[in-house]
Structure formats: C-alpha cells, structure tokens
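K.L.:
The following block contains a protein sequence and its predicted model.
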Amino acid sequence: MDEPVERPDALQTAVAAVRSVATFVAIAVYVLIAAPPGLLLAQLFKWPGVLYVLGHGGVGLALRLAGIKTVVCGREHLTPDRAVVFCANHQSNVDPPVLFQVLHRRLHILFKAELSKLPLLGRVLILGEFVPVERANREAALASVSQGAQSLRDGNSFLIFPEGTRSRTRQLLPFKKGGFIMALQAGAPIVPVAIEGSRAAMRKGSKLVWPTTVTVTIGPPIATTGMSIDDRDELIATVRDTIQRMLG
C-alpha cells in the first residue's frame, strides 16, 4: 500500500505541470544539441569522459528546472579514488539522476537493456561504458554481471538498485543478487545509500515532477575482501539491514 501523502491544491499542480513540461522540453533540446558532438568525440578519441561532463550538465539542468534540491549526509564515506558498488533503495524515477549527480563524477550504472534502443541516449549509455542487463535472460544477465565485475577491477564505480523496481513504502523490497555477485567477483566494497524524499518528487505512475528536497545518506563501506560467492546471502542481508536502519 502507498504511503499517505498530502493532496496538492490546483495551483501547486499547475506549477508542477509547467515546471515538468519545461524540464522535459529543456532536456530533450539539451540531448539533441549536446549528444551528437559528445558521441563524436567519445568515438573518435576514445574519450568517454566527455559524455560524463555533458551528462552532469544535463542532469544538473533538469534538477534545477524541476525544483529538486539535494541534501547529502555522509560525504566522508565517499572514496573517489577507489572503485565501489553504491547500493541504494529505490523510491522514484528521480533517484538515478540525483545519485548520479552526488555520488561520483564518473558513476557507472547497470541499466535495463531495452534502454540501449533509445535514439542518442542509448548510444550514450553504451559509449559511457554503462552495462546493459537483460533480466529476462539468465545467461545474458550473468554475462553482464561478469562485465560489470571486470569494469570494477578496471577502477570504475557502479550504482545498483537491488530492489529492481520502486518501492511504494519506506520498507525495502527483497534484494536481487546480481549486483552483489558483481561486487564479490571484483572484491569491491559496497557502500550503502539511503535516499528519502524522492517519492514526493515523482510517485510511481506519475508524469509530473514536484519541487521538493531529497536527502541522500551515505553509509560506511562494507568490505567484501576474503568473501566468496557462497557468502552472497549474508552480504545481501547485511547491506539490506544497514539501508533499512538508515531509512529509520
């Protein structure tokens, strides 16, 4: 069952609608202008970093236009010089852009393979070295996990949403194993992340983005050194309990 929320009045709804349309239009124009030269530079000079610079620019623009403000706690737990797997709860479609903006300047993401078919954006995801996952195909999904583990060993940090879909309450859904196996294969620490307030910005099924403040809490890294694949269930339970406590 959804958490109860205050019903907005007509004026609030109108303002949110105008801001949402402005945001979507601005980002569409931004992608059309920035993506082609970015893709060209990334392909010609093997320089995916330019896509991250442009990506942060576009995400920052979208969050400002939509009125999404962010408060970050626990920045001292960020280790930009070490590859980690950020493991976050999932409340809203606002979560990925917010976390992309605050966690790491070159944050890699496991994403749904069907997104790679999107014009321009799909190509950006692939050239940006994000890893597509076909969740309906077990063998392909395992291959994606192995690809992500190699990318971690190469020094790239990843963001995962182990619930797999957005929760409608503060209670976490069951965690899927793929991202944890990836971390174990690479021996990379897992950094628990709790995001709160994003459901008020964009509830599941809503097309409007509401101005609000989103709080991101970053916990201490949880080491995987010395652990094997057989330890995955214990690791999942530890990370899940940690994030649930961080949510309060």
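P.N.:
Ah, there it is. Bear in mind that the values here come from a model prediction, so they are computed numbers and not experimental data. Residues are numbered from 1 along each chain as shown.
K.L.:
Pick out the residue closest to the middle of this protein.
P.N.:
In the chain, the centroid-proximal residue (C-alpha atoms, centre = their mean) is residue 96; its distance is 3.3 Å.
K.L.:
Is it correct that that residue falls within a helix?
P.N.:
Yes: under DSSP: H, G, I helix; E, B strand; the rest coil, residue 96 sits within a helix.
K.L.:
how would you label the closest residue to it other than its chain neighbours: helix, strand or coil?
P.N.:
Once flanking residues are discounted, residue 96 sits nearest to residue 109: 7.0 Å by C-beta to C-beta, 6 or more residues apart in numbering. C-beta here means a position set from N, CA and C on the backbone, and glycine is covered the same way. Under three-state DSSP, residue 109 falls in the strand class.
K.L.:
Can you give me every residue that contacts residue 109?
P.N.:
Residues counted as contacts of residue 109 (C-beta atoms under 8 Å, 6 or more residues apart in numbering) are 96, 100, 130-131, 158-160.
K.L.:
Let me know the closest of these to residue 190.
P.N.:
residue 160 (8.8 Å; C-beta to C-beta).
K.L.:
Please, which helix or strand holds the closest residue in space to the closest one that isn't next to it in sequence?
P.N.:
Among residues not flanking residue 160 along the chain, residue 179 sits closest, at 3.4 Å (C-beta to C-beta, 6+ apart). Using DSSP states H and E, residue 179 falls within helix 178-186.
K.L.:
For stretch 16-33, list every residue counted as buried.
P.N.:
16, 19-20, 23, 26-27, 30-31 (16 or more other C-beta atoms under 10 Å).
K.L.:
any idea how far residue 209 is from residue 34?
P.N.:
To residue 209, residue 34 is 21 Å away according to C-beta to C-beta, to the nearest Å.
K.L.:
When these two are compared, which one has more neighbours?
P.N.:
Taking other C-beta atoms under 10 Å, residue 34 and residue 209 do not tie; residue 209 has more neighbours (24 against 19).
K.L.:
would the more buried one count as being in a helix?
P.N.:
No: counting by three-state DSSP, residue 209 falls outside a helix, being coil.
K.L.:
For the nearest residue in space to it that is not next to it in sequence, which residues are in contact?
P.N.:
With C-beta to C-beta, 6+ apart as the criterion, residue 209 has its nearest non-adjacent residue at 4.3 Å, and that residue is residue 66. Applying C-beta under 8 Å, 6+ apart, we find residue 66 in contact with 19-20, 23, 201, 209, 211.
K.L.:
how about CSV for those residues, with distance to residue 138 and pLDDT added?
P.N.:
CSV is the format used below for the contacts of residue 66 (distance: C-beta to C-beta, whole Å; pLDDT from 0 to 100):
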residue, distance to residue 138, pLDDT
19, 42, 91
20, 38, 93
23, 37, 94
201, 34, 89
209, 35, 90
211, 41, 91
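K.L.:
and the residues you listed as a markdown table, adding distance to residue 90?
P.N.:
Converted to a markdown table, the contacts of residue 66 look like this (distance: C-beta to C-beta, whole Å):
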| residue | distance to residue 90 |
| --- | --- |
| 19 | 23 |
| 20 | 21 |
| 23 | 21 |
| 201 | 13 |
| 209 | 16 |
| 211 | 21 |
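K.L.:
quick one: which of those is nearest to residue 52?
P.N.:
Ranked by distance to residue 52 (C-beta to C-beta), those are led by residue 23 at 20.7 Å.
K.L.:
So, low pLDDT: which residues of the protein?
P.N.:
1-8, 204 (pLDDT under 70).
K.L.:
mind running it again at 80?
P.N.:
Within the chain, the stretches with pLDDT under 80 are 1-9, 116, 135-137, 166-171, 203-206.
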